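Enquirer: curious how this folds, go ahead:
(one chain, ligands or ions: 1)
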Amino acid sequence: MTITSGEARTASDGRRWTLRPARPTDARALADLFAAVRREGRWLITPPAAVSEPSEAFFIGEMIRDASGVSLVAEADGEAVGNVMISVDRNLVTDHVGTLSICVADGWREVGIGSALVAAAKTWAGGRGLVKVALAVFPDNERAIAVYEHAGFVREGLRRRQYRIRAAGGEEYRDELLMAWFPDEADAGS
Ligand SMILES: CC(C)(COP(=O)(O)OP(=O)(O)OC[C@H]1O[C@@H](n2cnc3c(N)ncnc32)[C@H](O)[C@@H]1OP(=O)(O)O)[C@@H](O)C(=O)NCCC(=O)NCCS
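Expert: Prediction:
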């Protein structure tokens, strides 16, 4: 992974942003970003009430410090507008697997930032020698699935009724789509 400081990028709508490694001092801003995306109530599994931002900021700081994984930030106008993380399993028989999570702030979506973050995370994963990068996504998150498939992720399976979500009208169960990218099979995707 060669992104050591910041790389200037241009979004498809002409706005400028920078791709750079996350720093521990980003933890609070990233917790705020995740909280805002969680409040949208559609994309992320954990409901807002389940997470306290101070403890999430602490956890994110630990993840950023953890040299076994990677966390990259999309910065624009001095704000963190996107993040991708890969955390690597610690189990002796699964430490070849990384788990990818990503989010881009509302207002900065669909201008290429998510795809660029996934591409950079894949570059890191290949360099790190990971054999598999896995993720989970709600099956109706068509935009995220499009980004993942374009990047060469394949569908591994569907875990039906994996989550019980409390909604206004009561409870509902939601499925989870599992996807993965295998660097050594990596001709597919960009
Ligand atoms: C999912 C997410 C990370 C994608 O990042 P992004 O910056 O918006 O994505 P990009 O602009 O790089 O690419 C979006 C692609 O999806 C396509 N797309 C958008 N809506 C779509 C839809 N309903 N169906 C299919 N494709 C769609 C766009 O056309 C574009 O494809 P293209 O590059 O071939 O033109 C971002 O939208 C996000 O953070 N969403 C909310 C949180 C989230 O869903 N996180 C992932 C949880 S698993």
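Enquirer: which elements pack onto the helix or strand of the chain with the lowest mean pLDDT?
Expert: Within the chain, no helix or strand scores below helix 53-65, which has a mean of 90 by mean pLDDT, DSSP states H and E. Helices and strands touching helix 53-65, by 3 or more CB pairs under 8 Å, 6 or more residues apart in numbering; DSSP states H and E, are helix 27-39, strand 70-76. The way it works is simple: take the backbone N, C-alpha and C, and place the C-beta from them, glycine included.
Enquirer: dump the ones you listed into CSV; add mean pLDDT, distance to R15 and mean neighbour count as well.
Expert: Listed next are the helices and strands packed on helix 53-65 as CSV, based on pLDDT from 0 to 100; distance: least, CB to CB, whole Å; neighbours: other CB atoms under 10 Å:
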stretch, mean pLDDT, distance to R15, mean neighbour count
helix 27-39, 94, 17, 19
strand 70-76, 97, 7, 23
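Enquirer: minimum distance to the ligand: which of those has it?
Expert: Checking the helices and strands packed on helix 53-65 against the ligand by CB to the nearest ligand atom gives helix 27-39 as the closest, at 5.1 Å.
Enquirer: got a list of contacts for the closest one?
Expert: Contacts to helix 27-39, defined as CB atoms under 8 Å, 6 or more residues apart in numbering, come from residues 22, 43-44, 46-48, 51, 53-54, 56-58, 60-61, 64, 71, 73, 79-83, 103, 105-106.
Enquirer: so what strands line up beside whichever strand or helix holds M85?
Expert: Taking DSSP states H and E as the definition, one finds M85 inside strand 79-88. Strand 79-88 sits in its sheet next to strand 70-76 (antiparallel), strand 97-104 (antiparallel), going by DSSP bridges.
Enquirer: now distance to G129 too, for these, in JSON lines please.
Expert: Putting the strands paired with strand 79-88 into JSON lines (distance: least, CB to CB, whole Å) gives the following:
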{"stretch": "strand 70-76", "distance to G129": "13"}
{"stretch": "strand 97-104", "distance to G129": "10"}
